[in-house]
Each structure stands twice: as structure tokens, then as C-alpha cells.
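1. just the structure for this:
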Amino acid sequence: MAQAKKTKAKRDAKKGEPAGDKTVASNRRARHDYDILDTFECGIVLVGSEVKSLREGKAQLADAYARVDDHELWLFSLHIPPWKFASGFGGHDPDRKRKLLVHRHEIDEFVVKTQTQPLTLIPLKLYFHEGKVKVELGLARGRKLHDKRHAIRERDEKREADRAVRAAARWSS
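-> Numbering: from 1, shown residues only. Presented below is the predicted three-dimensional model:
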């Protein structure tokens, strides 16, 4: 039993995730459309059927965003489909706004940064950490089309350089 836990922790560490964290959904498109300047981890207020649905790995972060309203941080457009066994209880609204749990000084920091600069708060990842659902928020600046092309070109050049280095190392040994 202990061996199985060790191998799972190693496997998660290889993916770049801390041991014990289970990613439910990630917003891969956000890293293409935005320059991520800073990231924050925060909790989220959910009802029981939403947590059950997340444990099944069902959530969509594609169009989600966060905003400060009345000195509280809210997550909008996160789609968590109703849990199929919660039909007798009425389930939950899949697209409702959800409160995010962060410290007051972090909320004040978000307000200052988003009002003084053209920045937005984008959820990057939704995951379980020690049995609790967490959201990784990114403070982001939108990219223009030419910036996106430039980022793709840089990524492709880096990939080609890495391939050339690996090939040279393979042939030299």
C-alpha cells in the first residue's frame, strides 16, 4: 500500500503538480491569450453537489473570470454541471457566481492593480488540495494578436533548439 502511494506521488511530481493535488480543470487557453504576471491560490465556496461533480472531474474554466464586487472576490462563468445523483435535492445552478476566499489585503491589492492598469483576474486551474477545492488565479494582461504570434514563434524556436541539443548529445555519445 505504501509503495502505491509513493509511486503516485512521484508520478504527480513529474507532472509538475505537488504530491496529493488532483487537477480537476485547467485553463490552457489563458496562457495563450494573456501574459500571466502573478498567480494566487484561493479557496472557493461550493455546495455539496458541486464538490461531488468536481470529484468526478467535471468543470469548464474556458470563459471564467474573477471580479471584486462589494469588497468580495467572485468567480463568474465557471460551469460545474449538476451531479447526476442530486436530482432529488434540486441540485445547483451550474453557472452561478461563486465566492472566492482570500485575505482582505489580497482583495485590496487586486482592486488597486485592476483599476490602475488594464489587468484582469483569470482562473488558471481548479484542483483539490488536501481534500479542499482550490482555484489558482492569475493576474493577467491581455495579448494582442501580434503578441500571440510572437509567443508562438519563440516557443517553436525554443523547441527546435532543445531538439538540436538533444540530437547533438545523442550523436556525440
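2. what sits against the most centrally placed residue in the chain?
-> Among the residues of the chain, the one closest to the centroid is Lys125, at 1.4 Å (CA atoms, centre = their mean). Contacts for Lys125 (CB atoms under 8 Å, 6 or more residues apart in numbering) come out as 23, 25-27, 61, 135-136. Every residue, glycine included, has its C-beta placed from N, CA and C.
3. which one (most neighbours) among the residues you listed?
-> Highest neighbour count within these: Val135, with 26 neighbours (other CB atoms under 10 Å).
4. helices and strands of the protein: which one bottoms out on pLDDT?
-> Every helix and strand of the chain was ranked by mean pLDDT, DSSP states H and E. The lowest is helix 2-14, at a mean of 49.
5. distance of the residue nearest to the centre of the chain relative to Val68?
-> 20 Å (CB to CB, to the nearest Å).
6. and if you look at Ala169?
-> The value you get for Ala169 to Val68, if CB to CB is used, is 50 Å.
7. with Trp83 instead?
-> When Trp83 is compared with Val68 (using CB to CB), they lie 29 Å apart.
8. contacts for stretch 36-54?
-> Here stretch 36-54 has contacts from 24, 30, 59, 73, 75, 80-83, 85-86, 89, 91-92, 98-102, 106, 119, 122, 124, 126, 128-129, 132-141, using CB under 8 Å, 6+ apart.
9. of those residues, grab the buried ones for PyMOL.
-> One line in PyMOL is enough to select the buried ones among the contacts of stretch 36-54; burial here means 16 or more other CB atoms under 10 Å:
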select buried, resi 24+30+59+73+75+80+81+82+83+86+91+92+98+100+102+119+122+124+126+128+133+134+135+136+137+138+139+140
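10. just the contacts of stretch 36-54: which are in helices?
-> Counted as lying in helices by DSSP state H, out of those, are 30, 106.
11. okay, and which of the contacts of stretch 36-54 map to strands?
-> Members of the contacts of stretch 36-54 lying in strands (criterion: DSSP state E): 24, 73, 75, 98-101, 122, 124, 126, 128-129, 132-141.
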